[in-house]
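Pasting the sequence and the predicted model now:
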6 protein chains.
Amino acid sequence: MWEDSEFAPTSEVISILETQVDDMTAQAIAYTMEQLLSQGALDVYTQAITMKKSRHGILITVICPCDRQAICEQILFQETSTLGIRVRQQERQILQRELQEVTTEYGNARVKIAWRNGFCTVQPEYEDCAKLARSHNLPLSMIQESVKAAFQLPIKP
Amino acid sequence: MWEDSEFAPTSEVISILETQVDDMTAQAIAYTMEQLLSQGALDVYTQAITMKKSRHGILITVICPCDRQAICEQILFQETSTLGIRVRQQERQILQRELQEVTTEYGNARVKIAWRNGFCTVQPEYEDCAKLARSHNLPLSMIQESVKAAFQLPIKP
Amino acid sequence: MWEDSEFAPTSEVISILETQVDDMTAQAIAYTMEQLLSQGALDVYTQAITMKKSRHGILITVICPCDRQAICEQILFQETSTLGIRVRQQERQILQRELQEVTTEYGNARVKIAWRNGFCTVQPEYEDCAKLARSHNLPLSMIQESVKAAFQLPIKP
Amino acid sequence: MWEDSEFAPTSEVISILETQVDDMTAQAIAYTMEQLLSQGALDVYTQAITMKKSRHGILITVICPCDRQAICEQILFQETSTLGIRVRQQERQILQRELQEVTTEYGNARVKIAWRNGFCTVQPEYEDCAKLARSHNLPLSMIQESVKAAFQLPIKP
Amino acid sequence: MWEDSEFAPTSEVISILETQVDDMTAQAIAYTMEQLLSQGALDVYTQAITMKKSRHGILITVICPCDRQAICEQILFQETSTLGIRVRQQERQILQRELQEVTTEYGNARVKIAWRNGFCTVQPEYEDCAKLARSHNLPLSMIQESVKAAFQLPIKP
Amino acid sequence: MWEDSEFAPTSEVISILETQVDDMTAQAIAYTMEQLLSQGALDVYTQAITMKKSRHGILITVICPCDRQAICEQILFQETSTLGIRVRQQERQILQRELQEVTTEYGNARVKIAWRNGFCTVQPEYEDCAKLARSHNLPLSMIQESVKAAFQLPIKP
């Protein structure tokens, strides 16, 4: 189904950790996310939920390599008020991607290129563009447009 | 525009208090809502928001009669971590409504009747229906249907 | 535990695809959902999440028959900015249901009947009721009530 | 502060209507929004809230011209279960904008041009792009990029 | 990795049930959660989602012991409008915890103590503190602080 | 009603700006918030909303001193895709508060003290505590407890 097998997605196995809390402040949750990412989590996200006795709660989801599961569990037990963590291992399909640097009249910025089925997408790196926007005092969108325009798609081999 | 002026909505002025917090637990927010309602607030609701430095926060909105504004402010300053409360007075259009009791094969329950433009709506009271559903061990929806069916719309004068 | 084995739920295996994005507009997400449903997804839903570096993001969940998993993955890689999709297969319990048409004074409408444990539920089809409400310029709730009232429960065999 | 007074925002007064409900289905809310927009509301949006006794609720906000306030109130009282609507009038700053049509290799599409302070933004119309994407079976993002590329900024007078 | 194996988390297998609905009121969802918890569910939480045809919906997640899965499925089919429930079994890591009662100048309250890696956390029970706050007419936070202060950490064996 | 008039809240007038967008990425919204705060906004928060044609959107609310309203409007028109901003002026009640530094065995940290009605609250500054937690590799909650314990309430004059 994928036209060009050289650029087809590859598969890997990752760990998913989930836990919900109803007695943590937003600051403590932000600190927990920071610790998880610094210890190798691939992604962490939170969702507002409604829990039993109808209280506001937060569901925390951690996606990590299987060999970082133990340390991520330990951080959740150390930094959150949770008493239980659900864990599972799951397959993930991932696209090939690469970073390239482009030059614009405002300065250099990286773009992330992802090979999709028969075409590729180009996303200017946010941090690079925000830095240029701040220093030139220009709208962020103007910088992003100019980075995209400066990018020359490499010839597909 | 309203067909039947006898049942047209009436207007009143109410106070609205709003404040956002990012360092309270769900339990403390639930307690605050309970205190506000017990001191005369007409309605209280909360919303999940994203605050500065991108933290999860909660926006609390209190709707109260103007003569309860001072006590509601005081509860917010006492029970929440907020340092500032936004206040305004605003118009509210309200429908005429009445409670009536109906009899079903499962027991009695009240319905709330609201006169709308040219028709009226009938809402079985949740607490009454839940009580019957629990005691008869029947689905809540079955009780609610039977309460609605038992209601006889009064002749409009 | 199920009183009437003839109407008991049946079991099937489905695929679940999940991915989170933080750089797509709402319009592009709506288009992606439309494409997934047109290619055989059984259900698609999205949730507001908070992602790393505390950005607003959207978690997209796709539920599809196992033989539509490959095409749904391809649509996600084509229409979204994601670089990774989590996939799993899971059991689903489903109720037997059927559509029937009923006749009211405002016109015809279908109802969805689902056999539950010892009783059945009847849900008027939204699109049919909305069409009648628009053409008669009546409240939607009045049409829905009249469709429910017109339905005669079939004798259970 | 605005460089170019010819393109500066203008001011108008609009009406805001707000009401919260906890006993409506999603379908009935969608129908209400459709009715409000068809009767002249400028914008309608809903938010998930947590209400008293901690129930999920929906806050509905309607923004409309002041001369459509009465009809919008009437639709809310007719289509929702609300018993009270909060109303206020408020100032709104609006940008000058225009629609232009551009021609691409895939067909024609409109773009919305808004004059901002010293620059302008160009947004391809979603419906036009989605139509081209469906008929050519191409990614939506590819169509949107090509529409943007085809647009020639008019010379500012 | 866990310093003190005596207090390390233990592992168990639980069932997860998930279903999404778009045509239930908040009241009916609250009743469903109450029924699930009374029949042995360990936790139940709900999330606001956006479903196909872009309607507001609610995702209900039930966590229960494997031997309560059948009765929880039956409650979902009885009390909600769902036609399908996704089920899976999953591992959960849980901390050892215990309840102790402490005495303060305002009365007695329980605290929940959880052994974490090298330290323990102490959470005053909300219901106990709320009761004391109400009866003494004092801020909840003041009661919670005084309960924490009254707790003497037991000597770790 | 306020026991101690010396510490009673004071009143001020602020500006509120609101706008909703449905075609911005999370990154662009984060950048907008950063720009608003750097130009004098007192607080900025965002909420997930559902907009017309049922698309996900974001409502942005800016609270600023009245003399920063013009620059905040300009940033919204420059950095977001909005075509209209709603503005109003509103009263705000604010508590008196002060920052004090305390010394713990792990280092110094500031606490924010707010005078409430007959008592005061003490909130350790998050950034200070997070810095100590990171450098000592200890749970954030342990640092926060130790900062609170080290604080000596000043004698009320």
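Sure, I can see it.

in which helix or strand would I find the residue nearest to A:Pro124 when sequence neighbours are not counted?
Of all residues not flanking A:Pro124 in the chain, A:Val147 sits nearest, at 4.1 Å (Cβ to Cβ, 6 or more residues apart in numbering or on different chains). For the C-beta atoms, the positions are set from N, CA and C on the backbone; glycine is no exception. Using DSSP states H and E, the element containing A:Val147 is helix A:140-150.

so the residue nearest to A:Pro124 sits right up against A:Lys112, yeah?
No: if you go by Cβ atoms under 8 Å, A:Val147 and A:Lys112 don't touch, sitting 11.2 Å apart.

Please say which of those two ends up with more neighbours.
When neighbours are counted by other Cβ atoms under 10 Å in any protein chain shown, A:Val147 and A:Lys112 differ, and A:Val147 comes out ahead with 25 against 16.

and that one, what is it in contact with?
Neighbouring residues of A:Val147 by Cβ atoms under 8 Å, 6 or more residues apart in numbering or on different chains: A:Val102, A:Thr104, A:Ala109, A:Val111, A:Pro124, A:Asp128, A:Cys129.

Relative to chain D, how far out is it?
Counting by Cβ to the nearest Cβ, to the nearest Å, the gap from A:Val147 to chain D is 14 Å.

now for the lowest-mean-pLDDT helix or strand in chain A, which elements pack on it?
For chain A, the helix or strand with the lowest mean confidence is strand A:120-124, at a mean of 88 (criterion: mean pLDDT, DSSP states H and E). Counting by 3 or more Cβ pairs under 8 Å, 6 or more residues apart in numbering or on different chains; DSSP states H and E, the packing neighbours recorded for strand A:120-124 are strand A:107-115, helix A:140-150.

So what are the sheet partners of that strand and their directions?
Partners of strand A:120-124 in the sheet, by DSSP bridges, are strand A:107-115 (antiparallel).

What angle do helix A:140-150 and the strand it pairs with make with each other?
Going by axes from the mean of the first three to the mean of the last three Cα atoms, to 10 degrees, strand A:107-115 is angled at 70 degrees with respect to helix A:140-150.

Let's have the helices and strands packed on strand A:120-124 in a markdown table, adding mean pLDDT.
Shown next, in a markdown table, are the helices and strands packed on strand A:120-124 (pLDDT from 0 to 100):
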| stretch | mean pLDDT |
| --- | --- |
| strand A:107-115 | 93 |
| helix A:140-150 | 91 |
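
Check the ones you listed for me and report the most buried one.
Using mean count of other Cβ atoms under 10 Å in any protein chain shown, the stretch among the helices and strands packed on strand A:120-124 with the largest mean neighbour count is helix A:140-150, at a mean of 19.

Tell me the spacing between the residue nearest to A:Ala114 when sequence neighbours are not counted and chain F.
Of all residues not flanking A:Ala114 in the chain, A:Arg97 sits nearest, at 4.4 Å (Cβ to Cβ, 6+ apart). Between A:Arg97 and chain F the distance, using Cβ to the nearest Cβ, works out to 17 Å.

how about the residues of chain A near chain D?
A:Thr50, A:Lys53, A:Ser54, A:Arg55, A:His56, A:Arg116, A:Phe119, A:Thr121, A:Pro139, A:Ser141, A:Met142 (Cβ under 8 Å from any Cβ of the partner chain).

Mind giving me the ChimeraX select for those residues, buried ones only?
Provided next is the ChimeraX selection string for whichever of the residues of chain A next to chain D are buried by 16 or more other Cβ atoms under 10 Å in any protein chain shown:
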select /A:50,54,55,56,116,121,139,141,142
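
re earlier: after the least confident helix or strand of chain A comes which helix or strand?
From strand A:120-124 onward toward the C-terminus, using DSSP H and E, the following helix or strand is helix A:126-136.

tell me the angle that following helix makes with strand A:120-124.
40 degrees.

which parts of helix A:126-136 are buried?
For helix A:126-136, burial by neighbour count (16+ other Cβ under 10 Å) applies to A:Tyr126, A:Asp128, A:Cys129, A:Ala130, A:Leu132, A:Ala133.

got the contact list for the second one?
So that's A:Asp128. Counted by Cβ under 8 Å, 6+ apart, A:Asp128 has contacts A:Asn108, A:Ala109, A:Arg110, A:Val147.
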